[in-house]
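Q: Give me a model of this one.
(2 chains)
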Number of protein chains: 2
Amino acid sequence: MAPVINAKTVFNEIPTGYPVPGKTTVYDTSETIDLENEPLHGGFLAKTLIIAIDPFLRNRMNIQQGTDKPGFEFGRPLSAFGLAKILRSEDPSVKAGDVIRGGQIPFQQYFVRNDATGFEILKDNHSLPWSLWVGVLGMPGHTAYVGWKEHARAKKGETIFVSAAAGSVGSLILQFAKRDGLKVIASAGSDDKVAWLRELGADVAFNYKTESTAEVLKREGPLDIYFDNVGGETLDLALENAAPRGSRFLECGMISNYNEENPYRLKNALFIIKKEIAINGFFFGSLLPKWGADFEREMPPLVKEGAIKFQEDAVRGLEHAGQSLADVQRGTVLGKRVVIVADH
Amino acid sequence: MAPVINAKTVFNEIPTGYPVPGKTTVYDTSETIDLENEPLHGGFLAKTLIIAIDPFLRNRMNIQQGTDKPGFEFGRPLSAFGLAKILRSEDPSVKAGDVIRGGQIPFQQYFVRNDATGFEILKDNHSLPWSLWVGVLGMPGHTAYVGWKEHARAKKGETIFVSAAAGSVGSLILQFAKRDGLKVIASAGSDDKVAWLRELGADVAFNYKTESTAEVLKREGPLDIYFDNVGGETLDLALENAAPRGSRFLECGMISNYNEENPYRLKNALFIIKKEIAINGFFFGSLLPKWGADFEREMPPLVKEGAIKFQEDAVRGLEHAGQSLADVQRGTVLGKRVVIVADH
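A: Numbering: from 1, shown residues only, chains lettered A, B, ... in the order given. I've put the predicted structure just below:
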């Protein structure tokens, strides 16, 4: 078979604010690949199916800061959580037809790897779309689940504030909190999103662009738990409105910090002491060994029976990946943004 | 007996920076008391012996911010941890001669209370000076001990950074950390203090005024534990130099924030997530019910045999209380500042 185009989206420039498709990332169709004859050197050839566009990818572009997570390399395809299908393999640990999941799926249609470490084979999709395995049943699902299990110490009747609650992590936290009997205050950045927060059962849902977070928290707090996806001024306000003695702050993301050259600087750190707050930054990967089996047992059935809801915003074609990176930073996406690179 | 002078130091004005004796606090000898005939209304009359001048008292002067701890009242004596001796009592729970300890001992020579709640009777001084019961065996000792027991999760061979390590809390943390086999980086604000840190066994001791905290932490870190007494830029640097995955920050004090109209604002909060840091603000009072019995069993013997060292800087006379409040904020005191109001 003749070589085929092997399109890719490469990292080109560190953004100074939001990512700009064509500038900070470039879609490039110049590469080709001979799928039947590309040498594997004991590894495998895979076809990228789905790429998850997560907000933290922006952080991996800030390579000048020396991120702890692997940064992107100029001129090379970006990578993200995603799924791929094995086309050919000389590696005994994977075989043609296997669907694999990993955090380093390249923004490229086809790729060869000589090491299957870091990928897992998904055995059973429970008759649900594969894309859910990068969303509610993938990294965001894992993040919400392990954070909640490890750090929330939720007690019935407590009050939680979830920022960016319409996001793929936040919307799960909202639902976990309701299932545990908490009063949920949830914020999002559009009226559409707020309407969805109400559908999910938020007791107080508000659009932080049109309603003052400070006033809502003052009226509806104090907060026993704050699940932070945004950082910055919202975190400052949560510190100010934390319940004294023993509130918990789960630090999951600080999207407000990722796109600013001069991020907002916290002024309310003293409340950490005054209110005896426990703050835990966490990363799902560190906690998944502890909670992964519980997740696999508990979550797929809940999703399948509709007891846990989610939203997905899929775009089709790798050429839209660059724009998607900007969209999730701007908060214009309702639900989990995934790029369907190939259907099967 | 004729009435005697009942001198007091009253709160007069919220400081805009450091406290200023004669301005933010005023020493006043105009009040008198008849020790034999002052009516007790079922309560007790006590003579103030010792007042501890702790840095956090500055924070109680910021009453416009609505502190969680009781703020001071204009025109009324300040109060602090201290000891007093019961002179007369109509309250069956205390009797003449008892030495009581509490967090609300007034800056006044004599005082009447109708409720002994909040005071404890010190039964046994283990033949040690009473003043230690507001220092190494009092609130600072309790603070260091319960914070360490509850939040440090120290493991042999780990690295800890202690700021304000010559203070009455920091110097105990340094010693607890050495006893647990940690490498200790300790900072203080004078060469005298640094010399003392070395005596206490600090592996790395430095004067933050003449040596760069950033460089020391970069060279000697990363930090598994940061015990924070100062907040501000030092906290930012500790966040930057935290060990990835599971470092612990014990937030005990933020003296750098207390005296500034525009306190330093944190820029490194994102590291809380990137490095999965656990931050715990704590207050000894909340943890003492859990750890107090261990403290009483363990600490007095260690102090008595010299296994735990401490420094005390006693001044004599309530008229020096106002200056002492400023001294502990400026960091010019070597050891625990106490005001001896009366010897017995």
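Q: give me phi/psi at A:L57?
A: With angles defined as degrees, to the nearest 10, A:L57 sits at phi -60, psi -30.
Q: What is the neighbour count of the nearest residue to A:R245 once chain neighbours are set aside?
A: Beyond its immediate neighbours in the sequence, the residue positioned closest to A:R245 (C-beta to C-beta, 6 or more residues apart in numbering or on different chains) is A:E276, lying 5.2 Å away. In this view, the C-beta of every residue, glycine as well, is placed from N, C-alpha and C. Other residues within reach of A:E276 by the criterion other C-beta atoms under 10 Å in any protein chain shown amount to 22.
Q: List the contacts of A:E276.
A: In this structure, A:E276 makes contact with A:P244, A:R245, A:G246, A:S247, B:N280, B:G281, B:F282, B:F283, B:S286, judged by C-beta atoms under 8 Å, 6 or more residues apart in numbering or on different chains.
Q: Just say helix, strand or coil for it.
A: In three-state terms, and counting by DSSP: H, G, I helix; E, B strand; the rest coil, A:E276 is coil.
Q: State the helix or strand in which the most centrally placed residue in chain A lies.
A: The structure's chain A has its C-alpha centroid closest to A:D54; by C-alpha atoms, centre = their mean the separation is 4.1 Å. With secondary structure defined by DSSP states H and E, A:D54 is part of neither a helix nor a strand.
Q: wait, doesn't it sit right on A:A80?
A: Yes. Taking C-beta atoms under 8 Å as the contact criterion, A:D54 and A:A80 are neighbours in contact, 6.6 Å apart.
Q: Return the closest of the contacts of A:E276 with respect to B:E319.
A: Distances from those to B:E319 were compared by C-beta to C-beta; the smallest belongs to B:F283, at 30.6 Å.
Q: Report the two of the contacts of A:E276 separated the most.
A: A:P244 and B:N280 (14.4 Å).
Q: quick one, which of these two is more surrounded?
A: Neighbours per residue (other C-beta under 10 Å) separate A:P244 from B:N280, with B:N280 holding more: 20 against 14.
Q: shouldn't A:Y264 be in contact with A:I255?
A: No. Using C-beta under 8 Å, A:Y264 and A:I255 do not qualify as a contacting pair, with a distance of 11.6 Å.
Q: When these two are compared, which one has more neighbours?
A: A:I255 (23 against 19).
Q: what does chain A put close to chain B?
A: Taking C-beta under 8 Å from any C-beta of the partner chain, the part of chain A that reaches chain B is made up of A:67-69, A:231, A:235, A:244-246, A:251-254, A:257, A:263, A:265-267, A:269-283, A:286.
Q: Identify those among these that sit within helices.
A: A:L235, A:N257, A:L270, A:F271, A:I272, A:I273, A:K274, A:S286 (DSSP state H).
Q: pLDDT of stretch A:31-41, averaged?
A: The predicted model assigns stretch A:31-41 a mean pLDDT of 96.
Q: Please identify the buried residues of that stretch?
A: Of the residues in stretch A:31-41, those buried under the neighbour-count criterion (16 or more other C-beta atoms under 10 Å in any protein chain shown) are A:I33, A:L40.
Q: Give me the contacts around it.
A: Outside stretch A:31-41, the residues that touch it by C-beta under 8 Å, 6+ apart are A:1-8, A:45, A:87-91, A:108, A:110, A:112, A:114.
Q: A:K155: what's it in contact with?
A: With contacts defined as C-beta under 8 Å, 6+ apart, the neighbours of A:K155 are A:D224.
Q: helix/strand/coil for it?
A: Going by three-state DSSP, the secondary structure assigned to A:K155 is coil.
Q: measure it to chain B for me?
A: Between A:K155 and chain B the distance, using C-beta to the nearest C-beta, to the nearest Å, works out to 17 Å.
Q: just A:A52 next, same as before
A: To chain B, A:A52 is 18 Å away according to C-beta to the nearest C-beta.
Q: Kindly report the same for A:I86.
A: A:I86 sits 32 Å away from chain B, taking C-beta to the nearest C-beta as the criterion.
Q: next one: A:K218
A: Relative to chain B, and taking C-beta to the nearest C-beta, A:K218 is found at 12 Å.
Q: tell me the strands in the stretch 51-200 of chain A, going along the chain?
A: Secondary structure of the stretch 51-200 of chain A, counting by DSSP state E, counting those that start in this stretch: strands at A:79-89, A:99-106, A:110-113, A:119-121, A:159-162, A:183-188.
Q: can you check the stretch 201-344 of chain A too?
A: So, for the stretch 201-344 of chain A - with DSSP E, counting those that start in this stretch - the strands run A:204-207, A:225-228, A:248-251, A:278-281, A:312-316, A:336-340.
Q: In terms of secondary structure, what does the least confident helix or strand in chain A by mean pLDDT contact?
A: Counting by mean pLDDT, DSSP states H and E, chain A has its least confident helix or strand at helix A:255-258, which shows a mean of 76. Using 3 or more C-beta pairs under 8 Å, 6 or more residues apart in numbering or on different chains; DSSP states H and E as the contact criterion, the secondary-structure elements in contact with helix A:255-258 are helix A:57-60, helix A:232-240.
Q: one more time with 10 Å, if that's ok
A: The elements that helix A:255-258 packs onto, with contact taken as 3 or more C-beta pairs under 10 Å, 6 or more residues apart in numbering or on different chains; DSSP states H and E, are helix A:57-60, helix A:232-240, helix A:321-330, helix B:270-274.
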